[in-house]
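Participant: need a 3D model of the following:
(2 chains)
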Amino acid sequence: MSNPARAESIEQLDRLLAALMAKGVVTEAELAAQQASTDRASPEIGARMVARAWLDPAWRAMMLKNGTEAVEALGVSMAGAPPLGVLEDTARRHHVIVCTLCSCYPRAVLGYPPHWYKSFSYRSRVVREPRAVMAEWGSPVADDIELRVVDSTADYRWMVLPMRPAGTEGWSEDQLAALITRDVLVGVALPKLPA
Amino acid sequence: MSDIATPPEHTPATHDIGGIQRFHCTPVEHDEEPPDAFGKRVDALRQLLARKGYMSVDELRRGIESIPEAEYFALTYYERWLRSIELLMLEKGVVTPEELT
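Facilitator: Next up, the predicted model:
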């Protein structure tokens, strides 16, 4: 749950920042620039990658081979970020991503990890009962589809390449990208056509 | 699930919570709020200190994982981060305890 930080924690941060700034370790301008850069990352980057993979077999092959290279081909720097792997769903297998130990997440393609991804309940439950978690969120997975839960680490991040939904034949890249939400890229939801 | 052994309730480490029963009846709240101003600032500070070579992600993790269990589950996510960042800056002598009072 996204409880607000306590007043004492806000004061603790202010004291630490004041000490770091007094020593020239960081500046207010650097902090603001860093935050602005993180604020810019959004699931639209991951959505674009998936939409293109549904349309372009060569792009798809490249992305599956090297997710980091695919991100950089879209103009997003992965400098300093851990490698990105892409998990390919099939008609028989679906993938879900978690970080059981903390919150490792493909930030470059998805932005800030959401609260639920970092929550104790998601981290503990999704490896034991992923079908229940997905059903609770409105994306039940058929029993005959294998569900593979993949644990992200500090050294390797993942995103899901879901199956292209039926009924999207002839759609443009932009139309397809609009179907792909952050939850779809984490694997806790499946792409759905607008009602 | 009958073929999967039930994990012990007490995992070897506080943060190692994959599969534990403690949260089995806790729904995953679909909370979409972005981090608050405090969280975004801690997040930016962590990235900046990493970029400048003052700390690594693994050090951040070690700091978070050393938080005693009761506090680990009571603090918010970015409060845990802040606790770890402060610990690391003190350990490395980047700041002194006196400067933080």
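
Participant: can you show me the helices along the chain?
Facilitator: Here I'm looking at chain A. A:7-22, A:28-40, A:43-55, A:57-65, A:67-73, A:107-110, A:115-118, A:120-125, A:130-136, A:173-177, A:182-186 (DSSP state H).

Participant: meant chain B, my bad for not saying
Facilitator: B:37-51, B:57-65, B:69-74, B:77-91.

Participant: low pLDDT regions in the chain?
Facilitator: Defaulting to chain A. Scanning chain A for pLDDT under 70 picks out A:1-2.

Participant: can you look at chain B instead?
Facilitator: Checking chain B against pLDDT under 70 turns up B:1-12.

Participant: need the helices of chain A in TSV (columns: distance to chain B and mean neighbour count).
Facilitator: In short, each C-beta sits where N, CA and C put it, glycine included. Putting those into TSV (distance: least, CB to the nearest CB, whole Å; neighbours: other CB atoms under 10 Å in any protein chain shown) gives the following:
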stretch	distance to chain B	mean neighbour count
helix A:7-22	4	15
helix A:28-40	4	14
helix A:43-55	12	22
helix A:57-65	24	15
helix A:67-73	16	19
helix A:107-110	9	24
helix A:115-118	4	22
helix A:120-125	4	23
helix A:130-136	6	18
helix A:173-177	19	15
helix A:182-186	9	24
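
Participant: compare these and give me the one nearest residue B:38.
Facilitator: helix A:7-22 (5.6 Å; CB to CB).

Participant: contacting residues for the most centrally placed residue in chain A?
Facilitator: Centroid-nearest residue in chain A: residue A:110, 4.3 Å away (criterion: CA atoms, centre = their mean). Going by CB atoms under 8 Å, 6 or more residues apart in numbering or on different chains, residue A:110 touches A:41-43, A:45-46, A:159, A:182, A:185-186.

Participant: give me the phi and psi for residue A:168.
Facilitator: Backbone geometry at residue A:168, expressed as degrees, to the nearest 10, gives phi -110, psi 20.
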